[in-house]
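Visitor: one predicted model, sequence on top.
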Amino acid sequence: MKRANLEKIEPPEGSSFHMAYNKAPLLCHQDFWHFHPEFEIVYVPHGKGKRFVGDRISGFTDGDLVLLGPNIPHNAFNFGFESTGYEEYVIQFRSEHIATMTDSFPEFSRIARLLAGAETGIAITGEAKHRIGGLIKEMYQLNCFQRLMQLFFVLREMSLLAHVEDLEAKKFLSVDPVHVRRIGVVYQSIQRDYQQELSTRQMAGELAMTESSFCRWFKHSTGKSFKQALTEVRIQKACSLLIQSDLSVASIASMSGFNNISLFNRMFKDIVHMTPNRYRRSIGVKVEYAT
């Protein structure tokens, strides 16, 4: 099995888990072999393709719905997609949150058994995948609290299914807790201080490493340089502001940590594959500036 990169999952403010909707051509990854300690639900509403999960390659038709256990190496699902018009809904959450609920509420015991059985990954088949997928699609339109309630309902519906396909995927077993903690420290710093000037020397100092050792370690661990990771977070913040505000592109660039509008436009296009204004138009945001 080739080396997988650790993906750091950062839930948005006010939420305990992460949810995303991705649609071609707004996909950041084509070939991205990675793992993370969170459970992951992926719903692909339509089309056929291949899953690259653990040490197995398996096919799907008429869309796909999977629940992957923690630390299972897998590729981006659009990598094996063989149809046109790719779109996906992705939910990533920590198992310990469900365990805490189970300790307090016995109603969660069935969900806990579902997650225990999904440690090696499961695929939902037949009509059930689209029925549950519909709940996931509804979930994306809800606020944080309603999303959480809907997530519990989605997991409950999965737990009631009599037959699912076991993906029998092997975990990425060589996860060093110290290594994962260090990655977490770096991303926490990026999330907190992305508007500031952050340097590899500063990050290396926080981890008691030399600058050259930090750069090699971070690249080896994540598959990207520290500068790339910082830029990606800044662009993610910019995307959120483009969707949620009517601020000018120049203001958003500055608020996202870019002090040069030309650099911002170039980096945005490199990552999102379109200009900020086109991105804003593509998701149907109408901006009206006061005169």
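Guide: Looks like it came in fine. Please read all numbers here as calculations on a predicted model, not as lab measurements.
Visitor: from here on, contacts and neighbour counts on C-alpha atoms
Guide: Fine.
Visitor: tell me where this structure has strands.
Guide: Ranges of strands within the chain are 5-6, 18-23, 34-35, 39-44, 49-53, 56-60, 64-68, 87-93, 122-124, 165-166, based on DSSP state E.
Visitor: now tabulate those in JSON lines and tack on mean pLDDT, distance to residue 240 and mean neighbour count.
Guide: Shown next, in JSON lines, are the strands of the chain (pLDDT from 0 to 100; distance: least, CA to CA, whole Å; neighbours: other CA atoms under 10 Å):
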{"stretch": "strand 5-6", "mean pLDDT": "76", "distance to residue 240": "24", "mean neighbour count": "20"}
{"stretch": "strand 18-23", "mean pLDDT": "90", "distance to residue 240": "12", "mean neighbour count": "15"}
{"stretch": "strand 34-35", "mean pLDDT": "82", "distance to residue 240": "24", "mean neighbour count": "24"}
{"stretch": "strand 39-44", "mean pLDDT": "96", "distance to residue 240": "22", "mean neighbour count": "22"}
{"stretch": "strand 49-53", "mean pLDDT": "89", "distance to residue 240": "29", "mean neighbour count": "21"}
{"stretch": "strand 56-60", "mean pLDDT": "87", "distance to residue 240": "32", "mean neighbour count": "14"}
{"stretch": "strand 64-68", "mean pLDDT": "96", "distance to residue 240": "27", "mean neighbour count": "24"}
{"stretch": "strand 87-93", "mean pLDDT": "95", "distance to residue 240": "17", "mean neighbour count": "20"}
{"stretch": "strand 122-124", "mean pLDDT": "96", "distance to residue 240": "31", "mean neighbour count": "21"}
{"stretch": "strand 165-166", "mean pLDDT": "92", "distance to residue 240": "36", "mean neighbour count": "14"}
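Visitor: got TSV for those, with distance to residue 262 too?
Guide: Shown next, in TSV, are those (distance: least, CA to CA, whole Å):
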stretch	distance to residue 262
strand 5-6	31
strand 18-23	26
strand 34-35	32
strand 39-44	36
strand 49-53	38
strand 56-60	42
strand 64-68	40
strand 87-93	30
strand 122-124	45
strand 165-166	49
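Visitor: do you know which of those strands lies nearest residue 227?
Guide: Closest to residue 227 of those is strand 5-6 (CA to CA; 16.4 Å).
Visitor: neighbouring contacts of the closest one?
Guide: 33, 34, 35, 36, 220, 221, 222, 223 (CA atoms under 8 Å, 6 or more residues apart in numbering).
Visitor: how far does that strand sit from its chain's centre?
Guide: In this view, strand 5-6 has its centroid 12 Å away from the chain centroid, taken as CA atoms, centre = their mean, to the nearest Å.
Visitor: for stretch 271-281, same thing?
Guide: The chain centroid and the centroid of stretch 271-281 are separated by 20 Å, computed with CA atoms, centre = their mean.
Visitor: and what of stretch 82-102?
Guide: So, by CA atoms, centre = their mean, the centroid of stretch 82-102 is 9 Å from its chain's centroid.
Visitor: what about that stretch, start to end distance?
Guide: End-to-end distance for stretch 82-102, by CA to CA, to the nearest Å: 40 Å.
Visitor: that older thread, among the contacts of strand 5-6, which one sits closest to residue 257?
Guide: Nearest member of those to residue 257, counting by CA to CA, is residue 222, at 21.8 Å.
Visitor: now do the closest one against residue 182, distance only.
Guide: Distance of residue 222 to residue 182, computed by CA to CA: 12 Å.
Visitor: of the two, who's got more company?
Guide: Legend: neighbour count by other CA atoms under 10 Å for residue 222 and residue 182, higher for residue 222 (18 against 15).
Visitor: check the gap between the more buried one and residue 5 for me.
Guide: Taking CA to CA as the measure, residue 222 falls 5 Å from residue 5.
Visitor: cool, and residue 62?
Guide: Residue 62 is 29 Å from residue 5, where distance means CA to CA.
Visitor: residue 133 contacts residue 65, doesn't it?
Guide: Yes: using CA atoms under 8 Å, residue 133 makes contact with residue 65 at a distance of 7.2 Å.
Visitor: and residue 109, what is it in contact with?
Guide: Applying CA under 8 Å, 6+ apart, the residues near residue 109 are residue 102.
Visitor: quick one, helices of the stretch 51-200 of the chain?
Guide: 95-104, 109-117, 127-140, 144-159, 177-193, 200-206 (DSSP state H, counting those that start in this stretch).
Visitor: alright, calling it a day.
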